[in-house]
Structure formats: C-alpha cells, structure tokens
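*Asks:* The following comprises the amino acid sequence and a computationally predicted model.
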Amino acid sequence: MLDMKFVRENPELVKENIKKKFQDKKLALVDEAISIDADLRAAKSEADFLRGERNKISKQIGALMGQGKKEEAEEVKKKVAEFSGRLAELEKKEVELEEELQSRMMLIPNIIDDSVPIGKDDSENVELEKFGEPVTPDFEVPYHTEIMEKLNGIDLDAARKVAGNGFYYLMGDVAQLHSAVISYARDFMINRGFTYCIPPFMIRSNVVTGVMSFAEMDAMMYKIEGEDLYLIGTSEHSMIGKYIDTIVAEDTLPHTLTSYSPCFRKEKGAHGLEERGVYRIHQFEKQEMIVVCKPEESMEWFHKLWQNTVDLFRSMDIPVRTIECCSGDLADLKVKSYDVEAWSPRQQKYFEVGSCSNLGDAQARRLKIRVHGEGSKKYFAHTLNNTVVAPPRMLIAFLENNLEADGSVRIPQVLRPYMGGKEKMMPAK
C-alpha cells in the first residue's frame, strides 16, 4: 500500500505506474482516494478546532459558577453540548471516510522498480541468465508420476479417494527424498546465516490482507469456517506477520529467517488440476526465506536471495535459469520479482520452481512494521521473500535430471547424508 501523502503529491506518477501494469480500470481509484483524503483531512481539521474550542469554553463554566453567574454558565454548557454533538458526527464521518480511503488504497498497486521490463503478462517475462548446461538423455524420460510409480513412491488413486484431485501419498524412497530435500535446504540456509523458524500454519485475516492483495487472497487462501483464521499458502505469510505492529531497532537489521511449513492453496483459476501429476496441487511443503531490512539495502538482499535458490539447485546438479517478471505479471504489492526455473529433460524446457520478490515497504505499511532509527526517526522497513525449495514440484526436476536409462535415480552427493548414505533409488521389480 502506498503512502497517501505520496499519492496526493504524485497522482500522475501513480497513474502512469497503473498503466505500466495494464490495469487501466484502477486509474479512477487515484482521484477517488485523493478526494476522500481531502474530505477526511477537512473533517479532522474541523474536529480538532471544535475540541480546542470546547476545552476553552469548558474552563469558563467553573469560573462562571464560582462567580454565581449560573445563567451564563448554562448558556456555555449549551454551546459545549452543541460542539459535542457536532464532534460525534465528525468522528463517525472520519471512521467512514478512513474505511473508504483504505478500500481504495489497498487496490492501488505498488510502484514498480524502474528496471522492471514492461509487458502485459508472463509471456513477456525476460530471461536473464542460465546456470548449468541442460542435458537431454539418449532415452525417453517418462512423465514424473511414472518415474515415481516405478519406484513405488506415489499413490494418487488412494489420495483421490481420500481427498480428491490435487493431493497425493508419497511413499518409500520418494517420501524419504522429499524429506531429505527439505532438510538439506534448511541446513543450506542456516549455513548462509539465516535463522531457522517453524511458524504458525494459520493466520488471522488482518495478517492475510497485510501480506497479499485481495485478488491473490481470493485465488489462494482456504478459510477456516467459523473462525478468523486462514491456512497459509506459504510460510512467508506468517513469517512477515510475525512483525505486525512492531518497531524494530535499526541496529538489529537485517532480520534473515528461513522457515519450514506445509502450504495450502485453492489454485483457483489454474485451468484444472493435473489428475496424474504433482506440479499443481492443493497441499505441499516448502522451505522459504524472508528478509526484513533497511530500504537502502533491499535491492542488495533481493539479488542475494534469488542467488541462494540458484546455488541450492546447482549443488544438486539441476540446470536452472532466472526470469524477470514483467510489469503485468507482478502482483500488486511487488516492486520487483524473479522466477527461478529448472530444466525439464522430458519437456525440453524450463519450468518454475521458485519465486523471489522485493515488496518494498508495502507489507510493512499495511502491517505497521517500523524501524527505530537514529534519534526519534521512525520509518517503514522493506520486506523480501524467496522460495528455497518447494517439493514435490522440485522433485519433478530432480527425478528427470537424475534419471538413468534403467529407471534408477541418482542421488547427488549433498543429499546422501539425508538418505542414509544411499547413492541410488532403484525401481521396484
């Protein structure tokens, strides 16, 4: 959410940013917000004046009564009552105007970074760099669930009976591999100086609206019926929410955290869930990283974060590339975002396995996360997040890139300690 003062002083810049994101239907929100803000400030100004006047003349009542001037005192009391009545009207009006203003401001997108490429949707995202050489084996690579089934590693039919499409049972070596990847990713990030955290897996509505846009919330979040609680779609939500209504000492920044959690997503508008796949699902597990830092350090941390994901995948010999999201593909709170994509030998193309985002002070402004700087200076922090690894989607890349012609799957050196020293997963006979 933008600062209202900034919107008031830079309406054309805010409108131009909306156009860059191809959201012209939101242009009217800028003028509406400015108009409501003017009414709100006028109401507050009148209320402040009346409070001052009421306090002044209230002091006269005691003096008049002491002088025996009861009639004059009664007249002053009437005036105080009039002021109080008008103040009640203004205070009610202020609440209504603040709600109206908030509803507009929550829909106006954040100002994107000047370096973000302009484009309408993800088809216009820009490839930045490739890491590792994509390999095409001299044998046909099966669909990922076929690889898992030959390893006796997945049961989608049973999951469908129990929970429907978008769920799975992972079994045996594949389930162990899943846990191994999560554990390795945890230790990888701890070794890079991040503090490990296991957060709440449910959050309240004020945290939900603090960390994401309404469109994202509607498409992603599961609500607990009868409770002010939502299942998290990623641990970033509760990790950033950890700082709600806090003032952070500047000399403690940056705060760098890595968190494990299950994640739950409706996947609304995802063009249907794969019946035989685990790429797009309702439930998965994830290792995440978040940073709370000074504004001037956020771009430096942005580049460190996505590089962490690249380095993790390369340590497992999986080729990846980074893609910069264009303006039209950026969620409203984001200033800049990169996707990390892994190579798929079966599809002969890359697919998304992680996303790194700089949100500027948008989340901090919504959640009131402030920094106490030198003297009495206070300002909003910047927040960032990035996927470390999110199996089972990541397992697709792992299995395809480590598959042997005989159906066995190599286990990279870095994962063997988490797999009991096992060097290969062998297909069932």
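*Replies:* Received, thanks.
*Asks:* residue contacts, residue 87?
*Replies:* 47, 50, 51, 54 (CB atoms under 8 Å, 6 or more residues apart in numbering). C-betas here are computed from N, CA, C, even on glycine.
*Asks:* Just the buried ones from those residues, in ChimeraX syntax?
*Replies:* Here is the ChimeraX selection string for the buried members of the contacts of residue 87, based on 16 or more other CB atoms under 10 Å:
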select :47,50,54
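*Asks:* Looking at the contacts of residue 87, which gets the smallest pLDDT?
*Replies:* Minimum pLDDT for the contacts of residue 87 is recorded at residue 54 (78).
*Asks:* Residue 79 versus that residue, what's the distance?
*Replies:* 8 Å (CB to CB, to the nearest Å).
*Asks:* Kindly indicate which of the contacts of residue 87 lies nearest residue 220.
*Replies:* Set against residue 220, the nearest of those by CB to CB is residue 47 (40.0 Å).
*Asks:* Where does the prediction get shaky in the stretch 51-200 of the chain?
*Replies:* 58-59, 61-66, 73-74 (pLDDT under 70).
*Asks:* all helices of it, in order?
*Replies:* 70-105, 144-150, 156-163, 172-191 (DSSP state H, counting those that start in this stretch).
*Asks:* And for the stretch 201-350 of the chain?
*Replies:* 205-211, 214-220, 235-241, 298-315.
*Asks:* hey, which of those is tucked in deepest?
*Replies:* Using mean count of other CB atoms under 10 Å, the stretch among the helices of the stretch 201-350 of the chain with the largest mean neighbour count is helix 235-241, at a mean of 26.
*Asks:* Compute the distance from the centre of it to the centre of its chain.
*Replies:* 8 Å (CA atoms, centre = their mean, to the nearest Å).
*Asks:* Using CSV, write out every CA atom in it.
*Replies:* What follows is helix 235-241, C-alpha atoms only, in CSV (Å, rounded to 0.1, in the frame of the first residue of the first chain):
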residue,chain,number,x,y,z
SER,A,235,5.2,-19.5,5.3
GLU,A,236,6.1,-16.0,4.1
HIS,A,237,2.6,-15.0,5.2
SER,A,238,3.1,-15.9,8.9
MET,A,239,6.8,-15.0,8.9
ILE,A,240,6.2,-11.4,7.8
GLY,A,241,3.1,-11.4,10.0
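*Asks:* Give the other helices and strands that it contacts.
*Replies:* When contacts are defined as 3 or more CB pairs under 8 Å, 6 or more residues apart in numbering; DSSP states H and E, helix 235-241 sits against strand 202-203, helix 205-211, strand 255-264, strand 283-293, helix 362-367, strand 382-389.
*Asks:* So which bits of the third one are buried?
*Replies:* Same thing as strand 255-264. 255, 256, 257, 258, 259, 260, 261, 263, 264.
*Asks:* and which of the residues you listed is nearest to residue 122?
*Replies:* residue 263 (20.8 Å).
*Asks:* show me what contacts that closest one?
*Replies:* Here residue 263 is in contact with 232, 233, 234, 235, 283, 284, 285, 286, 390 (CB under 8 Å, 6+ apart).
*Asks:* try it again with 7 Å
*Replies:* 232, 233, 234, 284, 285, 286 (CB atoms under 7 Å, 6 or more residues apart in numbering).
*Asks:* farthest residue from the center of the chain?
*Replies:* Most distant from the centre of the chain: residue 68, at 66.6 Å, with distances by CA atoms, centre = their mean.
*Asks:* buried sites along stretch 373-392?
*Replies:* 380-392.
*Asks:* how long is that stretch end to end?
*Replies:* End-to-end span of stretch 373-392 (CA to CA, to the nearest Å): 42 Å.
*Asks:* measure residue 136 to residue 424 for me?
*Replies:* Applying CB to CB to residue 136 and residue 424 gives a distance of 21 Å.
*Asks:* let me fix that: residue 338
*Replies:* 33 Å.
*Asks:* So these two - more neighbours on which side?
*Replies:* residue 338 (26 against 13; other CB atoms under 10 Å).
*Asks:* right, and that one touches residue 306 too?
*Replies:* Yes - proximity of residue 338 to residue 306 meets the contact threshold set by CB atoms under 7 Å, at 4.7 Å.
*Asks:* Now do the shared contacts for those two.
*Replies:* Joint contacts of residue 338 and residue 306 (CB under 7 Å, 6+ apart) are 322, 356.
*Asks:* Now do the buried residues in stretch 220-239.
*Replies:* In stretch 220-239, the ones that count as buried by 16+ other CB under 10 Å are 220-222, 229-239.
*Asks:* again, but for stretch 16-27
*Replies:* 17, 18, 20, 21, 23, 26.
*Asks:* what's the closest of these to residue 36?
*Replies:* residue 26 (15.1 Å).
*Asks:* quick one: the closest one from residue 392, how far?
*Replies:* If you measure residue 26 against residue 392 using CB to CB, the figure is 36 Å.
*Asks:* mind listing what the nearest residue to residue 301 once chain neighbours are set aside touches?
*Replies:* In space, and not counting its chain neighbours, residue 301 is closest to residue 291: 4.8 Å by CB to CB, 6 or more residues apart in numbering. Contact analysis of residue 291 by CB under 7 Å, 6+ apart lists 254, 255, 256, 301, 305, 384.
*Asks:* Repeat that for residue 324.
*Replies:* Per CB under 7 Å, 6+ apart, neighbours of residue 324: 117, 125, 126, 128, 338.
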